[in-house]
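>>> please work out how this folds:
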Amino acid sequence: MDYFVKALKNYATFTGRARRKEYWMFVLFYVLFSIGVSIIDQVLGTTDPDTGVGYLGGLYYLALLIPSLAVGARRLHDTGKTGWLLLLILIPIIGWIILLIFFIQDSQPGENKYGLNPKEGEVEM
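Numbering: from 1, shown residues only. The predicted model follows:
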C-alpha cells in the first residue's frame, strides 16, 4: 500500500525512476480498488449497461490517469528508456506486449540519465 500512496504523492512527477516493485504494487492496488469501485457501482445501480463503467468507476479512472502515466514513465526511466514509450499502448496487442516486457525488466544498474538507481541504498520493505 505504501507504493500506491507514494505514486499518488508523486501525482504528476514524470522525472526520476520507479523500481519494479513500486510499479507492480501500484498496479496491484489499482486493480483491487478498481474491482471494489466496480462492485459499489453495481450495488448502487450506477453502472452504464452499454459501457460497463459506473459513475464512481469513471471518476476513479479519471483521477488515477495521471498518476498511472507518471509511475509508468518513471518505471521506463528505471530501465533506461524514455517515458514516451508509453505511447506504445496505442498499438493493440503488440504495443502492450512490448510495454509488458519493458515493465518486467530489472532496473538499469547504477545511475542513468534519469537519476540514481532506486534499488541502491534502499532498505527492503
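>>> number of residues surrounding the residue nearest to Thr13 when sequence neighbours are not counted?
Of all residues not flanking Thr13 in the chain, Ala70 sits nearest, at 5.6 Å (CB to CB, 6 or more residues apart in numbering). Any C-beta I mention is one placed from the backbone N, CA and C, and that applies to glycine too. Other residues within reach of Ala70, judged by other CB atoms under 10 Å, total 23.
>>> got the contact list for Ala70?
Ala70 makes contacts with 7, 10-14, as judged by CB atoms under 8 Å, 6 or more residues apart in numbering.
>>> helix or strand right after the lowest-mean-pLDDT helix or strand in the chain?
Lowest mean confidence among the helices and strands of the chain (mean pLDDT, DSSP states H and E): helix 2-9, at a mean of 88. Once helix 2-9 ends, the next helix or strand along the chain (criterion: DSSP states H and E) is helix 20-44.
>>> could you list the low-pLDDT ranges of this protein?
Filtered on pLDDT under 70, the chain yields the residue ranges 121-125.
>>> need the phi and psi values for Asp106.
phi -70, psi 160 (degrees, to the nearest 10).
>>> next one: it from Ile39, what distance?
Counting by CB to CB, to the nearest Å, the separation of Asp106 from Ile39 is 35 Å.
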